[in-house]
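*Asks:* Let me see the structure of the following:
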Amino acid sequence: MNGMEQQTMTRRELLRRSAAVAAVAAATPLASRAYGDGGDKVRLGLIGAGNRGTGAVMDAIISAPNVELTAIADLFPDKIEKSLKWLHSTTKDKPREDAAQYGSLVIDWNRADAIKVTPERCFSGFDAYQKLLATDIDVVILATPPGFRPLHIRAAVAAGKHVFAEKPAAVDPVGVRSVLESAELAKKKKLGFMGGTQLRFHRAYKEIIGRIHDGQIGEVLGGECFWWQDFFVNWYAQPRQAGWSDMEFQIRCWPHFVWLSGDHIVENLVHNIDVMNWVMGGPPISATAMGGHANWDDWPIKGNVYDHFYVEFEYPGGVKIHASSRQTKNTSFRIGERVIGSKGIANPFGRIKGQNAFDFPGPFDNPRFILWAAYIESIRKGEPLNTGKEFAQSTMTAILGRMSAYTGRAINYSWVMNASNLDLAPPKYEFGPLALDPPAVPGRAPQI
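*Replies:* Residues are numbered from 1 along each chain as shown. Sure, this is the predicted structure:
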């Protein structure tokens, strides 16, 4: 069944259906499989066959022994074909287009032997994720546009699958709350839940933030994080083809539409926001932000995202963390974080200046590989890792910053987490017309 033939269904209907399945599954003992010490195969399924999802498959297979890809799903059959062609090839020093910062941007790949996907286990259409989750996979990689993430997470946990969910966890507060519920259900069912905020597995970050928590820069007084780049400008930008509906066009060019990407503050800066939440021991109290879109000329897709954000997050104790995100051509690039203390300044990527000066000596191993090795090992030991709470909180922190910038208002984290009804999902999941809201205008956009 292709996407054009799918039944119409709203996100609320899909979530209710997944919730009903989850409730039954939670009351039923989970059928589990002993993985041993690496001798048994771990079967992967991929939902979302773009560059990022295909790369995650490679990361998992390279990082741990006896891991195979056995099923693949995507809305579009051509995406599946492209992904499998890449996975069945041999590449050396191939750039990872969608690799996040601080991991190697190149990868050597010669593991076509681990790709066990048959034509019968390739699924397309809006219900493709349901068909994949009905197979005998052990771990599902969720790498569709983030607007679909909460729905797919809930369905995966209900189906009894270990989850790897690419960042961000969601694009709106309704979605984040769903992810938190799914993370708790995964714990009860002894399922793994791993978010794609891999800097928490970076050796240098763990060392430096450990030293911050030990007081080696003194009292934390403030900090900043930033993602200034131009990759987002042309990311998944392609001319609209004859026959593409509004829905298909927006999904194929998903970074440029808020309901799908959450905007680049949520899609990209969430990595760095996650680092600051890690440093501070949790999410902020409030955000006050500004932003806008200053230059559409360089953007081939005129969606409804901003090209710049600036946010002041206030954490407990009055500590202010400044976060900024910019996607503009012909400008300086800057990605990272800085933490200011009473006794020194820390760059979590590996350096402390001040009374307790320190330079991380290495190794600077790829954090994606470390993440996958640890996750697969935890599943095999029967003690699967669950990072769902921190993953959801960092996503909500980024959403908080975006909401403040869009509205021009200071907004409390607790209100967004507990009371906001903002739901960016379209009325129906079907190929057809889909109206595009214009970019938000601060002072006029409603606070929902």
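
*Asks:* contacts and neighbour counts: CA atoms only from here.
*Replies:* OK.

*Asks:* ok, Thr135 - contacts?
*Replies:* For Thr135, the contacting residues are Ala71, by CA atoms under 8 Å, 6 or more residues apart in numbering.

*Asks:* cool, and Leu69?
*Replies:* 43-46, 57, 114-117.

*Asks:* which non-adjacent residue is nearest it?
*Replies:* Leu44 (4.6 Å; CA to CA, 6 or more residues apart in numbering).

*Asks:* what are the phi and psi angles of the closest residue to Ser286 other than its chain neighbours?
*Replies:* In space, Ser286 comes closest to Asn412 once its chain neighbours are excluded; the distance is 4.2 Å by CA to CA, 6+ apart. Backbone geometry at Asn412, expressed as degrees, to the nearest 10, gives phi -90, psi 140.

*Asks:* Now for Asn412, how many residues are close by?
*Replies:* Neighbour count of Asn412, defined by other CA atoms under 10 Å: 17.

*Asks:* ok now do it, which residues does it touch?
*Replies:* 285-287, 400.

*Asks:* Quick check: strands, which of those residues are part of them?
*Replies:* Judged by DSSP state E, those include 286-287 as members of strands.

*Asks:* now the contacts of Asn412 as a markdown table including neighbour count, pLDDT and distance to Gly350?
*Replies:* Below are these laid out as a markdown table (neighbours: other CA atoms under 10 Å; pLDDT from 0 to 100; distance: CA to CA, whole Å):
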| residue | neighbour count | pLDDT | distance to Gly350 |
| --- | --- | --- | --- |
| Ile285 | 18 | 98 | 28 |
| Ser286 | 22 | 98 | 28 |
| Ala287 | 26 | 98 | 28 |
| Leu400 | 31 | 98 | 28 |
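
*Asks:* low-confidence ranges in the stretch 251-400 of the chain?
*Replies:* Applying pLDDT under 70 to the stretch 251-400 of the chain flags no residue at all.

*Asks:* which stretches of the stretch 201-350 of the chain form helices?
*Replies:* All helices of the stretch 201-350 of the chain, identified by DSSP state H, counting those that start in this stretch, fall at 203-213, 231-234, 246-252, 258-261, 264-267, 270-280.

*Asks:* Tell me which of those helices is the most buried.
*Replies:* Highest mean neighbour count of the helices of the stretch 201-350 of the chain: helix 264-267, a mean of 28 (counted as mean count of other CA atoms under 10 Å).

*Asks:* which strands and helices sit next to that helix?
*Replies:* Packing contacts for helix 264-267, counted by 3 or more CA pairs under 8 Å, 6 or more residues apart in numbering; DSSP states H and E, involve strand 319-327, helix 388-407.

*Asks:* Quick check: Pro348 touching Ile208?
*Replies:* Yes. Taking contacts as CA atoms under 8 Å, Pro348 lies within contact range of Ile208: 5.4 Å.

*Asks:* Look up the residues forming beta bridges with the residue nearest to Leu69.
*Replies:* Counting by DSSP bridges, Leu44 forms beta bridges with Leu69, Val139.

*Asks:* what residues are up against it?
*Replies:* 57, 67-71, 137-141.

*Asks:* Ile399 now?
*Replies:* Listed by CA under 8 Å, 6+ apart, the contact partners of Ile399 are 171-173, 262, 265-266.

*Asks:* now Thr407
*Replies:* When contacts are counted by CA under 8 Å, 6+ apart, Thr407 is found next to 440-447.

*Asks:* among those, who's most crowded?
*Replies:* Ala440 (20 neighbours).

*Asks:* where's the closest residue to that one other than its chain neighbours relative to Lys82, distance?
*Replies:* Spatial nearest neighbour of Ala440, excluding adjacent residues (CA to CA, 6+ apart): Tyr406 at 5.3 Å. From Tyr406 across to Lys82, the span is 36 Å (CA to CA, to the nearest Å).

*Asks:* So for these two, which residue has more residues nearby?
*Replies:* Tyr406 (24 against 14).

*Asks:* Hmm, the more buried one is touching Ala445, no?
*Replies:* Yes. Counting by CA under 8 Å, Ala445 is a contact partner of Tyr406 at 6.4 Å.

*Asks:* The closest residue in space to Asp274 that isn't next to it in sequence: how many residues sit nearby?
*Replies:* Excluding its sequence neighbours, the residue lying closest to Asp274 (CA to CA, 6+ apart) is Ser394, at 5.0 Å. Here the count is done by other CA under 10 Å, and Ser394 has 30 residues near it.
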